[in-house]
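Chemist: predicted model and sequence below, questions to follow.
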Amino acid sequence: MRIFIIEDQFIFRKKIIDLIHSASAHPFEIVEVLNERTFFQEIERMDIYSTDLFFIDIDLNFYLTGIDLAEVIRGRNRECGIVFCTSFEDKTIEIVNRQILPLGYLVKDKNRGLVQQDLARILQKFVTNTQKDAGSHLKLIINQGREKTIINEADIFYIATIPSHRNTLTLRYQQQEILVPGKLRTLKTELKSPFFIKELKSFILNINKIEKLYSTDGLVQFIDQTILDIGLVGTKKVQQFLREENSDVSG
């Protein structure tokens with residue numbers, strides 16, 4: 001596994017490298033990027049693998065921001081890990097709307113001990129995710145009377161309660177929507193994939209299917225252009241989930 005450190009502050013770049021060595025015994029190949037301009041030019045020719053992890057400074061001293069650079073990387077590979085190094089907490093919406101889907105955030109102004117804890121959790125999460133068998137897909141089995149519907153968890157966009165129908169849910173996946181008997185809390189337990197947001201009272205959302213988040217309107221738009229009204233509190237919780245990566249990291 002390769003780890004790319006794209007950070008223009010020499011002291012923090014060295015700090016990340018030192019902390020990686022102390023936080024994990026995994027034999028990572030660390031690539032220290034010393035010239036962002038050259039690296040950006042090389043990205044178009046690079047092979048980027050799902051096992052690659054990028055630590056990127058949001059506020060690069062460069063004509064491109066770290067978010068711009070991450071967007072290019074994400075365009076080359078949808079599965080690689082991206083972690084933002086930042087002192088800002090107001091970039092979540094932009095990052096979501098640009099479909100970067102970061103693994104987490106490292107906050108620069110935290111003390112060394114807290115940064116090391118966050119980094120250790122990020123590395124453990126990344127190693128765990130990449131070591132999963134790429135050919136095995138988690139399935140959700142829906143019992144509908146005498147019939148069973150088997151759905152890849154990765155194909156699910158969202159699951160929502162129906163206010164007028166007790167113990168009935170609506171589940172959207174691929175290009176269709178089905179009614180599912182049962183309670184939302186039961187499915188929250190059954191779903192095992194790490195990309196689901198389960199903190200909402202009436203919804204389960206697949207973070208990989210979110211295209212845009214409209215925080216002032218309480219709306220989520222998915223990649224198939226479906227729009228779901230989850231309320232202002234709901235969008236705030238989604239932002240919090242994306243910022244803290246399911247309480248694994250904070251930013």
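Modeler: Everything's here; your move.
Chemist: grab the longest helix from the chain for me.
Modeler: Looking across the chain with DSSP state H, the single longest helix is helix 112-131.
Chemist: for the residue nearest the centre of the chain, what are its contacts?
Modeler: Centre of the chain computed as the mean C-alpha position; nearest residue by CA atoms, centre = their mean is Leu101, 4.1 Å away. Neighbour list for Leu101: Arg74, Arg78, Ile82, Ile207, Asn208 [criterion: CB atoms under 8 Å, 6 or more residues apart in numbering]. In this view, the C-beta of every residue, glycine as well, is placed from N, C-alpha and C.
Chemist: can you tell me which of the residues you listed end up in strands?
Modeler: Using DSSP state E, Ile82 are the members of the contacts of Leu101 that sit in strands.
Chemist: quick one: which of the contacts of Leu101 has the most company?
Modeler: Neighbour counts for the contacts of Leu101, by other CB atoms under 10 Å, peak at Ile82, which reaches 23 neighbours.
Chemist: for that residue, give me the pLDDT.
Modeler: Reading off the confidence values, Ile82 has pLDDT 93.
Chemist: so what's it bridging to?
Modeler: With DSSP bridges applied, Ile82 shows beta-bridge pairing to Phe54.
Chemist: wouldn't it be in contact with Asp57 here?
Modeler: No: using CB atoms under 8 Å, Ile82 is not in contact with Asp57, being 11.9 Å away.
Chemist: let me know whether Leu138 touches Ile150 as I believe.
Modeler: No: if you go by CB under 8 Å, Leu138 and Ile150 don't touch, sitting 10.9 Å apart.
Chemist: of these two, who's got more company?
Modeler: Neighbours were tallied for Leu138 and for Ile150 using other CB under 10 Å; the higher tally belongs to Leu138 (14 against 8).
Chemist: could you list the low-pLDDT ranges of this structure?
Modeler: The chain contains residues with pLDDT under 70 at 25, 88-92, 97, 131-137, 145, 244-251.
Chemist: mind giving me the domain split of it?
Modeler: What the record gives for the chain is the domain set 2-131, 139-244, from automatic domain parsing.
Chemist: for Ile141, helix, strand, or coil?
Modeler: Assigned by DSSP: H, G, I helix; E, B strand; the rest coil, the conformation of Ile141 is strand.
Chemist: that one and Ile150 touch, don't they?
Modeler: Yes: the pair Ile141 / Ile150 is scored as a contact, 5.5 Å apart, by CB under 8 Å.
Chemist: residue contacts, the residue of the chain most remote from its centre?
Modeler: In the chain, the residue that sits farthest from the middle, by CA atoms, centre = their mean, is Arg146; the gap is 36.5 Å. For Arg146, the contact set (CB under 8 Å, 6+ apart) is empty.
Chemist: excluding covalently adjacent residues, which one is nearest to Leu138?
Modeler: Glu153 (4.5 Å; CB to CB, 6 or more residues apart in numbering).
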